[in-house]
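S.K.: model this:
(chains A and B, ligands or ions: 3)
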Amino acid sequence: MNTIYIPRDSSALSLGANLVATAIAREAESRHIPLEIVRNGSRGMFWLEPLVEVATDTGRIAYGPVTPDQVASLFDAGFLGGGQHALNLGLTDELPWMKQQERLTFARVGITDPVSLQDYIAHDGYKGLRNAIGMAPQDIVQQVTDSGLRGRGGAAFPTGIKWKTVLEAPAEQKYIVCNADEGDSGTFSDRMIMEGDPFVLIEGMTIAGIAVGATQGYIYVRSEYPHSIVTLNLAIKSAYEAGYLGREILGSRHDFYLEVRRAAGAYVCGEETALLESLEGKRGLVRFKPPLPAISGLFGKPTIINNVISLATVPIIMDKGSVYYRDYGMGRSRGTLPIQLAGNIKHGGLVEKAFGVTLRELLYDYGGGSASGRPIKAVQVGGPLGAYLPESQFDTPLDYEEFSKLWAVLGHGGIVVFDDTVDMAHMARYAFEFCAIESCGKCTPCRIGSTRGVEVMDKIMTGTDHAKHIALVRDLSDTMLNGSLCALGGMTPYPVLSALNHFPEDFGIHKKEQVA
Amino acid sequence: MHDQMARIESHIESHQHMAGALMPLLHAIQDDLGYIPEECYGVIAKALNLSVAEIHGVVTFYHHFRSHPPGRHVLQVCRAESCQAMGCGALETHVKSSLGIDYHETTSDGSITLEPVYCLGNCACSPTIMLDDEVYGRVSPQQVESLLANARRENP
Ligand SMILES: Cc1cc2nc3c(=O)[nH]c(=O)nc-3n(C[C@H](O)[C@H](O)[C@H](O)COP(=O)(O)O)c2cc1C
Ligand code: SF4
Ligand code: FES
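M.R.: Ligands and ions are numbered 1, 2, ... in the order given. Now for the predicted structure:
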């Protein structure tokens, strides 16, 4: 029987993958060709979606982007045997985009059937858990620490150190919470894991539970991701049925229960303490720290809260060892980062690379330049609270410390590209606006400062009292930087000031100086 | 209304013993009825041992929850950075003028409610919209126009 792969990933669906799957099934039926259609995750080449892959003796051959009206011609061309066709891209693994990546966390995404436990296990799944079950908790935590893994949710805090605190906190009940709120514009790697390899996240959380003695886990998924919730729940159900979740996992003395909880569209609930409030059924107000969630987290109990990618990276570390993982990367940024290329980019999608790759390589070698064909003027790295970087900084390697030197952040690894038609004053105004919309309201600099920021930007953009208002933006940014409880208020100045400093002409500054 | 209350009661019954029950319960009610009627805050508060003010606080805090019925379809237009880089501004203007409404409003025929959204995780395929539970990527104003026309023709 022929096997073909058509992604179930939301982005592929957003470009018509379901319509293509239906058309292919119908065509096969009318031609009496037996066909197994696997709904896989996406390979992350979104300019080629819907990407249809055909299993052949030499490997999978890719066709894309496929539209329903091309399906008959694909059959005519014998695509099930890898036949020639205008959409034939050759072997998927040989495409430069795929070939030059270091896919560790994403090793299975696009390859397996995301909801098949059998397929997961056939592709090295649950090896990490099996190792962990035979280890002392301290040794599991040590292995994660030694790998150099730092939190991929944004703050880059060493994962092993966080786990150690929870391990050493005495309590009857502890929790593992997965932060799947992925609110940053330009990011979708969490989503691709949840839709493309949910078991790897489940395995990572189970290992975390065993490591620190937590028996209950929650995955807090944003409500904007209905498909992720479906795939997670399907995978969780089969994990329970096969003894990978629940009582005495794989016959060990460890219990671990896992549940998906839906968020409700508040960006600030991605902040870890606001997320915990939300899980408890309250408004998502940021908590004062200390106490750290590791000491007093969900329902006041010691809690590990980690991003999806952090947790989904644990299984490979427990399978292949800390040295294997740590050997990738540069400086204090060890391992790989799933990078997301978004916005005005010709080839948008997911690139997992060891730290050290430069922005320029990503934007031009992988991304192929802007989608519009115009020069790239700026990129925003690390979500709505990340700085804008101009062309002169494109040779910066992706590394946490190199980015902080530039007063920028890597965050969750999203890169949003803008061509030369962007007005950076407008983007600065939007940064304030977003902060005003999403502020939890707990501190004044954030709640009031952001609204004031929008007003001041309006003045700047209309040229009223120009110099005075530019100074006001800087003052306001200072107040927000220093007086906010969390990074929503505290980092909104990053996009604002980087836009102002790198692109003063968009704020009318050249013009003014010339007049003066 | 009577039927509605019965349904709400049954959601309360099946959720009230969960840890952190309020969010899952509010989702269940909104999934079922399309919104969370203010009339039910009292029974929820009682069942979960909270105050009506707390329920009100939670419903209003989260952008996703609504206390009034929406139109038959909900159109969300992404207005975050990646979609801006691909021209969602023009798309927004087009949609607003063709529907004759602003964000958080419903067309007079009750067919479409328009909402802004800040990233749908489809940023490699910007601009993006979500119509009910379906995401559409790389959309043009014409495509949105025809999706809306189809949706409005459909009977609820
Ligand atoms: C406003 C705000 C939003 C955040 N959103 C997210 C998010 O969507 N996902 C995430 O993993 N971390 C987010 N974070 C970071 C979390 O607070 C926290 O650092 C992270 O979940 C810890 O996990 P990690 O160590 O695995 O990165 C956000 C922080 C702030 C201040
Ligand atoms: S900075 Fe803003 S979002 Fe963060 S705690 Fe203060 S008011 Fe809330
Ligand atoms: S910014 Fe629009 S989908 Fe992410």
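S.K.: how many residues are close by residue B:2?
M.R.: 6 (other Cβ atoms under 10 Å in any protein chain shown). Just so you know, the C-beta spots here come from the backbone N, C-alpha and C atoms, and that holds for glycine as well.
S.K.: residues contacting it?
M.R.: Listed by Cβ atoms under 8 Å, 6 or more residues apart in numbering or on different chains, the contact set of residue B:2 is empty.
S.K.: can you give me phi and psi for the closest residue to residue B:85 other than its chain neighbours?
M.R.: Leaving out its chain neighbours, the residue that sits closest to residue B:85 by Cβ to Cβ, 6 or more residues apart in numbering or on different chains is residue A:343, at 3.6 Å. In terms of degrees, to the nearest 10, the main-chain angles of residue A:343 are phi 80, psi -140.
S.K.: same question, residue A:180
M.R.: Main-chain torsions, residue A:180, degrees, to the nearest 10: phi -120, psi 40.
S.K.: how about residue A:176?
M.R.: Taking degrees, to the nearest 10, you get phi -110, psi 120 for the backbone angles of residue A:176.
S.K.: tell me the domain ranges of the chain?
M.R.: With no chain named, the answer covers chain A. Domains of chain A are assigned by automatic domain parsing as A:2-99, A:117-326, A:329-419, A:424-515.
S.K.: that answer is for a different chain, and I need it for chain B
M.R.: The record's domain parsing of chain B by automatic domain parsing lists B:2-61, B:73-153.
S.K.: so does the longest one get close to ligand 3?
M.R.: Yep, that's domain B:73-153 we're talking about. Yes: residues of domain B:73-153 are located near ligand 3 by Cβ under 6 Å from any ligand atom, namely B:78, B:80, B:81, B:82, B:83, B:119, B:120, B:121, B:122, B:123, B:126, B:128.
S.K.: specify the beta-bridge partners of the first one.
M.R.: Put plainly, it is residue B:78. Beta-bridge pairing of residue B:78 under DSSP bridges involves residue B:117.
S.K.: and stretch A:262-269, what's buried?
M.R.: Within stretch A:262-269, the residues that count as buried by 16 or more other Cβ atoms under 10 Å in any protein chain shown are A:262, A:263, A:264, A:265, A:266, A:267, A:268, A:269.
S.K.: who's in contact with the last one?
M.R.: Residue A:269 sits next to A:181, A:183, A:220, A:263, A:275, A:277, A:278, A:284 when contact means Cβ under 8 Å, 6+ apart.
S.K.: Three-state assignment for it, please.
M.R.: Under DSSP: H, G, I helix; E, B strand; the rest coil, residue A:269 falls in the helix class.
S.K.: spatially central residue in the chain, please.
M.R.: I went with chain A, as the question did not name one. Central residue of chain A (Cα atoms, centre = their mean): residue A:189, 3.1 Å from the mean position.
S.K.: nope, chain B please
M.R.: The structure's chain B has its C-alpha centroid closest to residue B:64; by Cα atoms, centre = their mean the separation is 5.5 Å.
S.K.: in terms of contact, does residue A:225 touch residue A:193 like I think?
M.R.: No: with contact defined as Cβ atoms under 8 Å, residue A:225 does not reach residue A:193; the gap is 11.3 Å.
S.K.: more neighbours, the two?
M.R.: residue A:193 (31 against 25).
S.K.: wait, what's in contact with the nearest residue to that one once chain neighbours are set aside?
M.R.: Ranked by Cβ to Cβ, 6+ apart and with sequence neighbours excluded, the top spatial neighbour of residue A:193 is residue A:312, at 5.0 Å. Contact analysis of residue A:312 by Cβ under 8 Å, 6+ apart lists A:105, A:193, A:197, A:200, A:201, A:204.
S.K.: circling back: can you tell me which two in the buried residues of stretch A:262-269 are farthest apart?
M.R.: Using Cβ to Cβ, the buried residues of stretch A:262-269 span at most 16.2 Å, a distance reached by A:262 and A:268.
S.K.: so which of the domains of chain B is the most packed in?
M.R.: By mean neighbour count, with neighbours taken as mean count of other Cβ atoms under 10 Å in any protein chain shown, domain B:73-153 ranks first of the domains of chain B at a mean of 20.
S.K.: touching ligand 1 at all, that domain?
M.R.: No: judged by Cβ under 6 Å from any ligand atom, domain B:73-153 and ligand 1 are separated, with a smallest distance of 9.9 Å.
S.K.: residue in chain B nearest to ligand 1?
M.R.: Closest residue of chain B to ligand 1, Cβ to the nearest ligand atom: residue B:119 (9.9 Å).
S.K.: tell me the secondary structure for the one residue in the stretch 51-200 of chain A that gets nearest to ligand 2?
M.R.: Closest contact between the stretch 51-200 of chain A and ligand 2, by Cβ to the nearest ligand atom, is at residue A:183 (12.1 Å). Under three-state DSSP, the three-state class of residue A:183 is coil.
S.K.: verify the contact between it and residue A:275 for me.
M.R.: No: counting by Cβ under 8 Å, residue A:183 does not reach residue A:275; the two are 10.6 Å apart.
S.K.: the two: who's more crowded?
M.R.: Counted by other Cβ under 10 Å, residue A:183 and residue A:275 do not tie: residue A:275 has more neighbours, with 28 against 23.
S.K.: contacting residues for residue A:202?
M.R.: Going by Cβ under 8 Å, 6+ apart, residue A:202 touches A:232, A:235, A:236, A:239, A:244, A:245, A:258.
S.K.: which of those has the largest number of neighbours?
M.R.: Counting neighbours by other Cβ under 10 Å, residue A:232 leads the contacts of residue A:202 with 27 neighbours.
S.K.: how would you label that one: helix, strand or coil?
M.R.: Relying on three-state DSSP, one would call residue A:232 helix.
S.K.: now do stretch A:178-196, average pLDDT.
M.R.: Mean per-residue pLDDT for stretch A:178-196: 98.
S.K.: rewinding a little: now tabulate the domains of chain B in TSV and tack on mean pLDDT.
M.R.: Below are these laid out as TSV (pLDDT from 0 to 100):
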stretch	mean pLDDT
domain B:2-61	96
domain B:73-153	96
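S.K.: how about the ones you listed in CSV, adding distance to ligand 2?
M.R.: Formatted as CSV, the domains of chain B follow (distance: least, Cβ to the nearest ligand atom, whole Å):
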stretch, distance to ligand 2
domain B:2-61, 12
domain B:73-153, 14
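S.K.: out of the ones you listed, nearest to residue A:380?
M.R.: domain B:73-153 (5.8 Å).
S.K.: now that closest one: how far from the chain's centre is it?
M.R.: Chain-centre distance of domain B:73-153: 13 Å, with Cα atoms, centre = their mean, to the nearest Å.
S.K.: can you check stretch A:123-131 too?
M.R.: Centroid separation for stretch A:123-131 versus its chain: 23 Å, with Cα atoms, centre = their mean.
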